[in-house]
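Peer 1: Next come a sequence and a model predicted from it.
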Amino acid sequence: MVAGDTQMGKTIAQKIIETHLLSGDMKPGSEIGLKIDQTLTQDATGTMAYLEFESMGIPRVRTEKSVAYIDHNMLQAGFMNADDHKYIQSVAAKYGIWFSVPGNGICHQVHYERFGIPGKTLIGSDSHTPTGGGLGMLAMGAGGMDVAVAMGGGAYYITMPKMIKVELMGRLGAGVSAKDVILEVLRQLTVKGGVGSIVEYGGEGIDTLTVPQRCTITNMGAELGATTSIFPSDEMTRKFLKAQGREEDWIPLASDPDAKYDKVINIDMSSLKPLAACPHSPDNVKPVEELGSIKVDQVCIGSCTNSSLTDMLSVAAILKGRKISDSVSLSISPGSRQVFSMMAECGALTDLIDAGARILECACGPCIGMGFSPSSGGVSLRTFNRNFIGRSGTKDGQVYLVSPETAAVSALTGYITDPSTYEIKVDISVYNVPDEFRINDSGLIPPLSEKDAENAEVVKGPNIKNFPETYPLADSIDTEVLLKVGDNITTDHIMPAGAKILPYRSNIPYMAGFCFEVVDSEFAERARRAGSGIIIGGQNYGQGSSREHAALAPLELGIKAVIAKSFARIHAANLVNAGILPLIFEDTKDYDLIEQGMNIEIKGIHEGIKIDRVIAKVEGQEIPLKMELADRQKEILLKGGLLKYTKG
Ligand code: MIC
Ligand code: SF4
């Protein structure tokens with residue numbers, strides 16, 4: 001459809017896009033520029049995003065609301081994380097950005113509780129920003145540089161997506177939860193199934209799903225590779241905002257009855273069974289009852305997927321008056337201070353502590369490998385959204401992604417257990433929580449006034465190094481294939497996180513030493529010796545996180561181009577923003593012709609970029625490569641990255 005086309009019915013996403021369209025045609029596949037109302041950052045990507053924002057020389061953010069959260073790097077072992085936190089707090093105060101203190105909660109959870117508004121656009125330097133879609137926002141994950149540009153008032157560019165509709169019917173049965181809905185969607189669509197699309201939820205079944213349940217679904221929609229996921233804004237949404245003391249933020253939002261979708265999936269929630277994503281991919285989904293007898297070493301409950309009050313109460317109601325298995329270690333991380341304090345007030349926290357849970361602070365924690373790595377080969381049941389190899393911090397750890405209910409009953413039995421057939425029924429009414437949420441915004445610090453901000457100082461500790469140098473696109477590349485990897489390589493493979501490496505997110509030269517560590521521990525060293533090189537990837541290269549570090553570390557190591565069968569959306573944009581050329585095999589079979597260590601030569605790139613095609617010469621063979629770049633992205637590459645392009 002085309003903007004302004006009044007003939008055709010519109011989807012929810014198309015309506016929001018239409019009211020925020022700054023450039024381009026709303027034709028699937030073409031690049032569109034969107035006005036961004038809100039931004040969020042977290043600390044692991046935030047330091048870079050704010051360094052980038054500062055370098056743009058804009059005195060104050062131009063969004064309606066920008067918020068900086070601290071939730072990822074919480075260990076503060078050494079000065080590095082603490083320095084980053086201080087820097088982010090000072091930069092936020094000065095430039096008009098709200099600051100969410102460490103301990104206030106996970107960015108996505110706090111954002112939909114306290115700031116999210118239906119119908120608004122939000123981008124965040126975190127791939128799970130689509131969580132806000134549960135509230136009817138058009139919320140998307142982006143690289144730090146794109147967030148910096150949006151804070152400066154610039155447009156955010158995406159490819160106009162196709163529309164997928166998920167029709168939910170029936171209601172969730174006993175022991176089955178919203179997590180099982182998204183696991184079922186992942187089972188059907190796979191981690192590539194959402195690429196280039198927005199997933200909209202509808203059908204009579206959604207009336208029974210609360211906003212936190214919807215947010216579980218939109219959150220893990222990131223694992224589909226989708227641009228985002230979205231629910232309508234309806235009476236349920238109004239009820240939620242009212243309970244947050246923000247009813248005035250509500251607007252109704254629904255798709256038109258004759259809206260067109262490229263694909264429709266029907267799911268009857270009443271027939272769903274508890275599901276688990278088995279090692280090592282979120283789409284390796286099987287019914288829990290079919291897994292057989294698997295002994296569990298560790299259970300982790302929390303993350304931006306499943307840390308709402310309802311999730312916590314469901315777990316507490318299962319564990320109440322019982323004791324977890326002696327062979328299980330159970331961690332619980334509430335999503336926000338609001339959730340935490342309400343758990344304390346209603347007695348659920350006491351029940352969890354008495355049952356033997358280890359209560360962690362309100363943060364990402366084990367989800368990003370900040371502690372709680374399983375034992376060697378250990379089985380870890382997690383309510384999180386990603387189980388990529390090595391992400392837990394233990395390379396041979398066996399991570400299963402499940403619902404809070406499955407996690408809780410399994411913690412009791414010591415084996416992966418189906419909660420729908422287990423004797424304990426989940427009844428959260430035992431906790432008698434009030435209808436209104438407990439509101440305490442003391443962990444949300446407003447920015448300084450414009451006048452006070454003028455003389456405010458930005459504090460930069462010694463761990464904070466400058467953004468790496470980017471270079472204008474060369475006309476020819478003559479270099480070595482430094483690494484060849486397979487399909488579905490994630491950003492956790494390219495630039496791992498975890499307690500050892502996260503403290504160096506603001507120190508790219510140091511951090512780059514760990515690039516591709518889980519795949520090939522000699523890669524970084526080899527790249528540094530070679531001085532330049534190319535990476536060969538398979539399908540869906542760069543899926544997962546929005547971390548631009550997965551482009552900045554290769555940049556630091558001299559990578560000039562990545563040639564893959566296909567790229568994940570955010571990572572491809574991050575490569576361009578960093579001035580690295582993403583190239584795609586015209587014929588995917590040519591992937592087999594290239595091996596690590598071979599020499600590769602590409603000439604005439606400046607002419608080639610005009611026609612979206614270049615020829616690579618590898619060992620005497622010619623390999624045609626295409627580019628899927630918008631004109632704006634070509635300019636960015638020629639200028640040497642987004643920052644140079646933005647500065648003109
Ligand atoms: C993740 O879940 O992988 C992260 C850590 O939240 C990342 C962001 C990051 O790498 O800092 C994400 O999802 O974008
Ligand atoms: Fe944090 Fe995990 Fe959510 Fe990423 S997926 S934002 S690490 S809780």
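Peer 2: That came in fine, so what should we check first? Ligands and ions are numbered 1, 2, ... in the order given.
Peer 1: C-alpha from now on. contacts and neighbour counts both.
Peer 2: Fine.
Peer 1: Residues of the protein that sit close to ligand 2?
Peer 2: The chain comes close to ligand 2 at residues 72, 303-304, 364, 367-368, as judged by C-alpha under 6 Å from any ligand atom.
Peer 1: Can you lay out these as TSV showing neighbour count, pLDDT and distance to Asp234?
Peer 2: Listed next are those as TSV, based on neighbours: other C-alpha atoms under 10 Å; pLDDT from 0 to 100; distance: C-alpha to C-alpha, whole Å:
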residue	neighbour count	pLDDT	distance to Asp234
His72	28	97	32
Ser303	27	98	26
Cys304	29	98	23
Cys364	25	98	30
Cys367	27	98	31
Ile368	24	95	33
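Peer 1: mind putting these in CSV, secondary structure and distance to Val110 included?
Peer 2: Formatted as CSV, the residues of the chain next to ligand 2 follow (DSSP: H, G, I helix; E, B strand; the rest coil; distance: C-alpha to C-alpha, whole Å):
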residue, secondary structure, distance to Val110
His72, coil, 14
Ser303, coil, 12
Cys304, coil, 9
Cys364, coil, 12
Cys367, helix, 17
Ile368, helix, 18
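Peer 1: just these now: which is nearest Phe115?
Peer 2: Cys304 (15.6 Å; C-alpha to C-alpha).
Peer 1: tell me which of the residues of the chain next to ligand 2 is nearest to Thr11?
Peer 2: Cys304 (26.3 Å).
Peer 1: residues in contact with the closest one?
Peer 2: Residues in contact with Cys304 (C-alpha atoms under 8 Å, 6 or more residues apart in numbering) are 106-109, 128, 216, 219, 335, 364, 384.
Peer 1: filter the residues of the chain next to ligand 2 by proximity to ligand 1?
Peer 2: Near ligand 1, by the rule C-alpha under 6 Å from any ligand atom, you find Ile368 out of those.
Peer 1: before we move on, the earlier item: can you redo the contacts of Cys304 as TSV with secondary structure?
Peer 2: Below are those laid out as TSV (DSSP: H, G, I helix; E, B strand; the rest coil):
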residue	secondary structure
Ile106	coil
Cys107	helix
His108	helix
Gln109	helix
His128	coil
Thr216	helix
Asn219	helix
Gly335	coil
Cys364	coil
Phe384	coil
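Peer 1: Now, of those, which are buried?
Peer 2: Among the contacts of Cys304, the ones that count as buried by 16 or more other C-alpha atoms under 10 Å are 106-109, 128, 216, 219, 335, 364, 384.
Peer 1: which residues in the stretch 501-648 of the chain form strands?
Peer 2: With strands called from DSSP state E, counting those that start in this stretch, the stretch 501-648 of the chain shows them at 533-536, 559-564, 581-585, 599-602, 613-618, 621-626.
Peer 1: same question, the stretch 351-500 of the chain
Peer 2: 358-359, 379-382, 398-401, 444-445, 477-484.
Peer 1: And the third one, what does it pack against?
Peer 2: This points to strand 398-401. Packed against strand 398-401, as judged by 3 or more C-alpha pairs under 8 Å, 6 or more residues apart in numbering; DSSP states H and E, are the following elements: strand 275-277, strand 379-382.
Peer 1: Dump the ones you listed to CSV, plus mean pLDDT and distance to Gln42.
Peer 2: CSV is the format used below for the helices and strands packed on strand 398-401 (pLDDT from 0 to 100; distance: least, C-alpha to C-alpha, whole Å):
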stretch, mean pLDDT, distance to Gln42
strand 275-277, 98, 26
strand 379-382, 98, 22
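Peer 1: Of all residues in the protein, which one is nearest the centre?
Peer 2: By C-alpha atoms, centre = their mean, the mean C-alpha position of the chain lies nearest to Ser127, the distance being 1.9 Å.
Peer 1: Find the residue closest to it in space, skipping its chain neighbours.
Peer 2: Gly141 (4.2 Å; C-alpha to C-alpha, 6 or more residues apart in numbering).
Peer 1: what does Leu224 give?
Peer 2: Distances taken as C-alpha to C-alpha, 6+ apart put Val191 closest to Leu224, at 4.3 Å, once the chain neighbours are dropped.
Peer 1: Quick one: residues contacting that neighbour.
Peer 2: Counting by C-alpha under 8 Å, 6+ apart, Val191 touches 223-225, 282-283.
Peer 1: ok, Ala553 - contacts?
Peer 2: 495, 508-509, 511-512, 515.
Peer 1: how about a cut-off of 10 Å?
Peer 2: Neighbouring residues of Ala553 by C-alpha atoms under 10 Å, 6 or more residues apart in numbering: 468, 494-495, 507-516, 524, 559, 578.
Peer 1: what's the answer for Arg528, then?
Peer 2: Listed by C-alpha under 10 Å, 6+ apart, the contact set of Arg528 reads 512-513, 556-559.
Peer 1: so where's the longest helix in this protein?
Peer 2: Longest helix of the chain, by residue count under DSSP state H: helix 79-95.
Peer 1: Give the other helices and strands that that helix contacts.
Peer 2: Under the contact criterion of 3 or more C-alpha pairs under 10 Å, 6 or more residues apart in numbering; DSSP states H and E, helix 79-95 touches helix 43-55, strand 65-69, strand 98-100, strand 444-445, helix 450-454.
Peer 1: What residues of it count as buried?
Peer 2: Applying 16+ other C-alpha under 10 Å to helix 79-95 flags 80-85, 87-95 as buried.
Peer 1: roughly how far out does that helix sit from the chain middle?
Peer 2: 22 Å (C-alpha atoms, centre = their mean, to the nearest Å).
Peer 1: re earlier: out of the contacts of Val191, which one sits closest to ligand 2?
Peer 2: Minimum distance to ligand 2 across the contacts of Val191 is 10.0 Å, recorded for Glu223 (C-alpha to the nearest ligand atom).
Peer 1: and that closest one, what does it touch?
Peer 2: Counting by C-alpha under 10 Å, 6+ apart, Glu223 has contacts 127-128, 182-183, 186, 190-195, 281-283, 385-386, 543-545.
Peer 1: try 6 Å
Peer 2: Val191 (C-alpha atoms under 6 Å, 6 or more residues apart in numbering).
Peer 1: again with Gly141
Peer 2: Contact analysis of Gly141 by C-alpha under 6 Å, 6+ apart lists 123-127, 129.
Peer 1: same deal with Lys560?
Peer 2: With C-alpha under 6 Å, 6+ apart, Lys560 has these contacts: 534, 580.
Peer 1: Just confirm Arg33 is within a strand.
Peer 2: One correction, residue 33 is Gly, not Arg. Yes - assessed with three-state DSSP, Gly33 lies in a strand.
Peer 1: Count the residues that sit near it.
Peer 2: Per other C-alpha atoms under 10 Å, the neighbour tally for Gly33 reads 20.
Peer 1: sorry, back to before: which one, of the helices and strands packed on strand 398-401, ends up nearest to Ser420?
Peer 2: Comparison of the helices and strands packed on strand 398-401 against Ser420 by C-alpha to C-alpha identifies strand 275-277 as nearest, at 10.7 Å.
Peer 1: Can you tell me how far the residue nearest to Leu224 is from Ile182?
Peer 2: Distance of Val191 to Ile182, computed by C-alpha to C-alpha, to the nearest Å: 12 Å.
Peer 1: And for Ile324?
Peer 2: According to C-alpha to C-alpha, Ile324 and Ile182 sit 27 Å apart.
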